[in-house]
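[1] A predicted structure for the sequence below; I have some questions about it.
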Amino acid sequence: MKVIDTKIADVKMIEPSVFNDARGYFVETFQADRYQRLLGIDKAFVQDNYSRSRKGVLRGLHYQKVNPQAKLVRVVKGTIFDVAVDIRKGSVTFGQWVGVELTETNMRQLYIPEGFAHGFVALTEIADVEYKCTDYYDPSNEACIKWNDPELGITWPIKSVILSDKDEKGLRFKDLLK
Ligand SMILES: Cc1cn([C@H]2C[C@H](O)[C@@H](COP(=O)(O)OP(=O)(O)O[C@H]3O[C@H](C)C(=O)[C@H](O)[C@H]3O)O2)c(=O)[nH]c1=O
């Protein structure tokens, strides 16, 4: 397992070890002791999510105001452009974002600590995403930042996206400061 730094100190990309043989391959996609040790994760993951998106679907940018969730994101099928935005007030990278391509073949994972908004766009006909969360879903405390907020300036690889009604009504990043 290789841990790769990103331009935001606490957001890490992971390349798990892949064991290929004549039958195919084997990967440990998560191992609590190793991930906690290498990523400094001090909370257990308590919920696994799995979503399927068709090409152009953009989910995000979401976060929970209370019971924030750290996430470990991976792609089971297809390709996504996965984005984490630092919304931790006082952080030296407040308002900065990291975007990485996670694919079924590169098997890369993204570790996103608490205090980040998360979103991704599906780049293949089908994109199946599985991610672990360190707290439970709390819809009453969920919020959304507009995916194309001009202050964030996220360079999404596609411009025409499919959004849920909820995501259409995403907040302006500057409104977060209130
Ligand atoms: C997130 C979630 C949703 N749901 C139900 C609620 C709705 O009936 C349905 C779809 O929910 P939503 O449209 O909020 O799903 P996404 O747009 O994929 O939301 C997720 O997108 C970004 C990428 C995230 O990182 C968050 O985990 C989450 O906000 O699943 C649940 O039952 N449990 C859950 O944990």
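    Perfect, I can see it now.

[2] quick one: stretch 104-111 near the ligand?
    No. For stretch 104-111, no contact with the ligand is found by C-beta under 6 Å from any ligand atom; the gap never falls below 10.8 Å. Using the backbone N, CA and C atoms, a C-beta is placed for each residue, glycine as well.

[3] would you put the C-alpha positions of that stretch in PDB?
    Provided in PDB are the C-alpha atoms of stretch 104-111 (Å, rounded to 0.1, in the frame of the first residue of the first chain):
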ATOM      1  CA  GLU A 104     -11.700   0.700 -11.600                       C
ATOM      2  CA  THR A 105      -8.200   0.100 -13.100                       C
ATOM      3  CA  ASN A 106      -5.900   2.400 -11.100                       C
ATOM      4  CA  MET A 107      -7.700   1.200  -7.900                       C
ATOM      5  CA  ARG A 108      -6.700   4.400  -6.300                       C
ATOM      6  CA  GLN A 109      -8.500   5.600  -3.200                       C
ATOM      7  CA  LEU A 110      -8.900   9.000  -1.700                       C
ATOM      8  CA  TYR A 111      -8.900   9.700   2.100                       C
END
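
[4] Spell out which parts of this structure neighbour the ligand.
    49, 51, 59-60, 62, 118-120, 137, 164.

[5] same thing but 8 Å
    47, 49, 51, 53, 59-63, 69, 71, 73, 118-120, 129, 131, 133, 136-137, 139, 142, 144, 164, 166-167 (C-beta under 8 Å from any ligand atom).

[6] Could you tell me which of those residues belong to helices?
    Among the residues of the chain next to the ligand, DSSP state H puts 166-167 in helices.

[7] of the residues of the chain next to the ligand, buried ones?
    Among those, those buried by neighbour count (16 or more other C-beta atoms under 10 Å) are 53, 59-63, 69, 71, 73, 118-120, 129, 131, 133, 144, 167.

[8] Over to the residue of the chain most remote from its centre: give its phi and psi.
    Each residue of the chain has a distance to the centre, and by C-alpha atoms, centre = their mean the biggest one is for Ala22: 32.6 Å. Main-chain dihedrals, Ala22, degrees, to the nearest 10: phi -60, psi -20.

[9] No further queries at this time; thank you.
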